[in-house]
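Asks: the following comprises the amino acid sequence and a computationally predicted model.
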Amino acid sequence: MRLLPYIVAAWLLLTGLYGIVTSRNLLHVIVCLSIVQSSTYVLLLSVGYRTGAIAPIFAEHPPGTPAVDPVVHALVLTDIVVGATVTALLFALAVQVFKRRGEVDPARLRPLRE
């Protein structure tokens, strides 16, 4: 079924957004943000997938053989690295917020200026 990956990507996006909107904890917001980002992995891989295609190594295959687009896979790998970096940075910021304010509920954090 060709539509299933798009449905899974939309479900991951909506689930992550719902978690971000309804969350009362900074750590939960970060996890939900990574779920939203994982929906982009599924979407990019489903865009680059071709039924019956081979890996883009043409040493032993005749010209005109359908192949999977390697650029999309490279974008997914880049997206994974960026997502891991952003998640680590956000966790470090959440730890610093907890150390300084003693709270991880975004609604209960006081403004920085008083």
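Replies: Structure received.

Asks: quick one: the helices in this protein?
Replies: With helices called from DSSP state H, the chain shows them at 4-22, 26-48, 70-101.

Asks: can you pull out the low-pLDDT segments for this structure?
Replies: 1, 58, 112-114 (pLDDT under 70).

Asks: quick one: the residue nearest the centre of it and residue 79, what's the gap?
Replies: The residue lying closest to the centre of the chain (CA atoms, centre = their mean) is residue 37, at 1.7 Å. For residue 37, the distance to residue 79 equals 7 Å [CB to CB, to the nearest Å]. Quick note: C-beta positions are derived from backbone N, CA and C, even for glycine.

Asks: just to revisit the earlier point, now tabulate the helices of the chain in CSV and tack on distance to residue 57.
Replies: As requested, the helices of the chain are exported to CSV (distance: least, CB to CB, whole Å):
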stretch, distance to residue 57
helix 4-22, 24
helix 26-48, 16
helix 70-101, 9
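
Asks: what's the most buried one of the ones you listed?
Replies: Of those, the one with the most neighbours on average (mean count of other CB atoms under 10 Å) is helix 26-48, at a mean of 18.

Asks: now do that helix: distance to the chain's middle.
Replies: A distance of 2 Å separates the centroid of the chain from that of helix 26-48, by CA atoms, centre = their mean, to the nearest Å.

Asks: now for that helix, which elements pack on it?
Replies: helix 4-22, helix 70-101 (3 or more CB pairs under 8 Å, 6 or more residues apart in numbering; DSSP states H and E).

Asks: what's that helix in contact with?
Replies: 5-6, 8-13, 15-20, 23, 68-69, 71-73, 75-76, 79-80, 83, 86-87, 90-91, 94, 97-98, 104-106 (CB atoms under 8 Å, 6 or more residues apart in numbering).

Asks: how about a cut-off of 7 Å?
Replies: 5-6, 8-9, 12-13, 15-17, 19-20, 23, 68-69, 72-73, 75-76, 79-80, 83, 87, 90-91, 94, 97, 104, 106 (CB atoms under 7 Å, 6 or more residues apart in numbering).

Asks: just stretch 103-114 next, same as before
Replies: For stretch 103-114, contacts defined as CB under 7 Å, 6+ apart pick out 24, 25, 26, 27, 94, 97, 98, 101.
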